[in-house]
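A.B. asks: Provided below for reference: sequence and predicted model.
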Amino acid sequence: MEEIKMVDLLGQHNQIRREIDSAIKEVIDSSAFIKGKQVKAFEENLARYLGAKHVIGCGNGTDALQIALMALGLEPGDRVLVPAFTYVATAEVIALLHLVPVMYDVNPRTFNTDASVSLEYMDELVDKRTKAIVPVHLFGQCSQMDAILEFAHRHNLKVVEDCAQALGSKCKVSNISEHEGCFSESVSGGQEETAETMGGCIGDIGCTSFFPTKNLGCMGDGGALITNDDALAEQIRMIANHGQKVKYHHDLIGCNSRLDTLQAAVLDVKLKHLDEYIAARRKAAASYTRLIKAFDPLEKHICTPVECEFTTHTYHQYTIIVKDSIKYPDQNTRDALKAFLAERGIPSMIYYPLPLSKQAAFRGIALRREDFNPGADDSLHNSEWLADHVLSLPVHTCLKEDQIEYIAEAIKDYLCK
Ligand SMILES: *Cc1c(COP(=O)(O)O)cnc(C)c1O
């Protein structure tokens, strides 16, 4: 059996090497390394793929989130709701702009924002300084966007989707005509209906990353913003380019965050294969789930990922929950399993070992429910619990069935013997 890798970028590139090489050569021959024609072509092709009106490339996914918050005109001290179980970038940019992150909890099975857990107590977290919510589509599935839109609409909040991990996932949103500003172009007739829309195209702005290991990854850093709003799109383009529309005439304070032509050329090639890549990930995930369920049908040891009915899953990560086991009372069962797999040559990762609420950088900066309602406690229980119990298994477009069988067998050996 071949070596098992957590991700296999080289394997993926080797399959499309000739297309990539010629795309790169074309950029070098033109030497338009910044704002070359491939950038516009890729932005248009991704917009078409997503069914969105505007895609604006930028330097990376973190910049996309920062630029989104800048474009929405938030003021220092304004508050922004953010899930506690996410990659740091989602909240980092909030603090960087002197906004205040307000952390809420996620659903412990979907890892995402939904009505049953997150929104249940969130009215308490909103006051007149609260201006936006940044739901994250973690591991490849969308958060429950129609509930989030309803909540945001009720409190007059802007919605920025962090879809760095879920590009290409489709989300069902009902009663879309109630959500002004969203879907303005995609709704026909304005009557009530359920639309299936790509994650990232539902809120005011969607933000994504083309970090090499993302489902659509480039060969360095890259990112993009997605919006259906013409005015926001113009604002975003200006902010990402030093606040200028006319060269050397700076109307806004912006930044320098552009998608390189070389990266755009690579991405344009890979975009054509994105659906194939997602299908390969879904196939690997289905095999994992079938094999794990076969030895642990009642989830005594392992919870396999749930697939929500309102969203498709693109399996950026295949993340299981490893339950505490009385067989190993002195150690974290997840950590012990991870070490056992490593001994058998199986890599795995913990996304993420600390929720935002336990990150030193956010101490004294982020708020949580207890800050609004001193009687409440443990409001981030799920996020904090997940950090000790999640384990992401290898998933990529070159993973073989025999490798998945070997991995599942190793998990079974450890937990069920
Ligand atoms: C990758 C990622 C980002 C940041 O993207 P970069 O391109 O690495 O800056 C933001 N949010 C989430 C959820 C991510 O997974």
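C.D. replies: It's in.

A.B. asks: Does stretch 198-217 reach the ligand?
C.D. replies: Yes. Looking at stretch 198-217 against the ligand by C-beta under 6 Å from any ligand atom, the contacts come from 209, 211. (Each C-beta comes from the backbone N, C-alpha and C, glycine too.)

A.B. asks: Could you pull out the buried residues of that stretch?
C.D. replies: Within stretch 198-217, the residues that qualify as buried by neighbour count (16 or more other C-beta atoms under 10 Å) are 198-212, 214-217.

A.B. asks: Likewise for stretch 21-28?
C.D. replies: Within stretch 21-28, the residues that count as buried by 16+ other C-beta under 10 Å are 23-24, 27.

A.B. asks: tell me the mean pLDDT over it?
C.D. replies: The average pLDDT for stretch 21-28 rounds to 98.

A.B. asks: same thing with stretch 219-228?
C.D. replies: For stretch 219-228, the mean pLDDT works out to 98.

A.B. asks: touching the ligand at all, that stretch?
C.D. replies: Yes. Using C-beta under 6 Å from any ligand atom, stretch 219-228 reaches the ligand at 221, 223.

A.B. asks: Pull the lowest-mean-pLDDT helix or strand in the chain out as PDB, backbone CA atoms only.
C.D. replies: Scoring the helices and strands of the chain by mean pLDDT, DSSP states H and E places strand 195-198 at the bottom, with a mean of 90. As requested, C-alpha coordinates have been extracted for strand 195-198 and formatted as PDB (Å, rounded to 0.1, in the frame of the first residue of the first chain):
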ATOM      1  CA  ALA A 195     -33.800  27.900  -3.500                       C
ATOM      2  CA  GLU A 196     -30.600  25.900  -3.600                       C
ATOM      3  CA  THR A 197     -27.800  28.300  -3.500                       C
ATOM      4  CA  MET A 198     -24.000  27.900  -3.300                       C
END
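
A.B. asks: Please state the offset of that strand from the chain centre?
C.D. replies: How far strand 195-198 lies from its chain's middle: 17 Å, per C-alpha atoms, centre = their mean, to the nearest Å.

A.B. asks: where do the strands sit along the stretch 51-200 of the chain?
C.D. replies: 54-58, 79-83, 100-104, 130-133, 158-162, 170-173, 195-198 (DSSP state E, counting those that start in this stretch).

A.B. asks: hmm, back to that, pairing partners for the helix or strand following the least confident helix or strand of the chain, with directions?
C.D. replies: Tracing the chain past strand 195-198, the next element assigned as helix or strand by DSSP states H and E is strand 205-209. Paired with strand 205-209 in the same sheet, following DSSP bridges, are strand 158-162 (parallel), strand 223-227 (antiparallel).

A.B. asks: Which one of the ones you listed lies nearest to Asp8?
C.D. replies: Ranking the strands paired with strand 205-209 by proximity to Asp8 (C-beta to C-beta) places strand 223-227 first, at 22.6 Å.

A.B. asks: now the closest one against strand 54-58, angle please.
C.D. replies: Counting by axes from the mean of the first three to the mean of the last three C-alpha atoms, to 10 degrees, strand 223-227 points 160 degrees away from the direction of strand 54-58.

A.B. asks: Which strands and helices lie in contact with the very next helix or strand once past strand 223-227?
C.D. replies: Note on strand 223-227: by DSSP H and E, the next helix or strand toward the C-terminus is helix 230-239. In terms of contacts (3 or more C-beta pairs under 8 Å, 6 or more residues apart in numbering; DSSP states H and E), helix 230-239 is packed against strand 54-58, helix 61-71, strand 223-227, strand 244-246.

A.B. asks: Tell me which of these sits most buried.
C.D. replies: Ranked by mean neighbour count, the helices and strands packed on helix 230-239 are led by strand 223-227 with a mean of 30 (mean count of other C-beta atoms under 10 Å).

A.B. asks: Mind listing residues that contact that one?
C.D. replies: By C-beta atoms under 8 Å, 6 or more residues apart in numbering, the list of residues contacting strand 223-227 from outside reads 43, 46-47, 50, 52-64, 67-68, 71, 163-164, 200-201, 204-210, 233, 236, 240, 257, 259.

A.B. asks: just stretch 251-262 next, same as before
C.D. replies: In contact with stretch 251-262 (C-beta under 8 Å, 6+ apart) are residues 24, 27, 30, 32-39, 42, 57-60, 63, 66-67, 70, 210, 219-220, 222-224, 235, 238-245, 267.

A.B. asks: State the number of residues packed around Ala336.
C.D. replies: 17 (other C-beta atoms under 10 Å).

A.B. asks: That one sits in which helix or strand?
C.D. replies: Taking DSSP H and E as the criterion, the element that holds Ala336 is helix 333-343.

A.B. asks: chain center to that helix: distance?
C.D. replies: Averaged over its C-alpha atoms, helix 333-343 has a centre that lies 26 Å from its chain's centre (C-alpha atoms, centre = their mean).

A.B. asks: just checking, next helix/strand downstream of it?
C.D. replies: With secondary structure assigned by DSSP H and E, helix 333-343 is succeeded by helix 369-372.

A.B. asks: in the helix or strand following that next one, what counts as buried?
C.D. replies: Along the chain past helix 369-372, the next helix or strand (assigned with DSSP H and E) turns out to be helix 381-389. Along helix 381-389, the positions that meet the burial threshold by neighbour count (16+ other C-beta under 10 Å) are 382-389.

A.B. asks: what about dumping the CA coordinates of helix 381-389 to CSV?
C.D. replies: Extracted as CSV, the C-alpha positions of helix 381-389 are listed here (Å, rounded to 0.1, in the frame of the first residue of the first chain):
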residue,chain,number,x,y,z
HIS,A,381,-19.8,24.1,26.2
ASN,A,382,-20.0,22.4,22.8
SER,A,383,-17.1,24.3,21.3
GLU,A,384,-14.9,23.5,24.3
TRP,A,385,-16.0,19.9,24.4
LEU,A,386,-15.4,19.4,20.6
ALA,A,387,-11.8,20.7,20.9
ASP,A,388,-11.0,17.7,23.1
HIS,A,389,-12.9,15.1,21.0
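
A.B. asks: I'd like to know which elements that helix is packed against.
C.D. replies: Counting contacts by 3+ C-beta pairs under 8 Å, 6+ apart, helix 381-389 is packed against strand 318-322.
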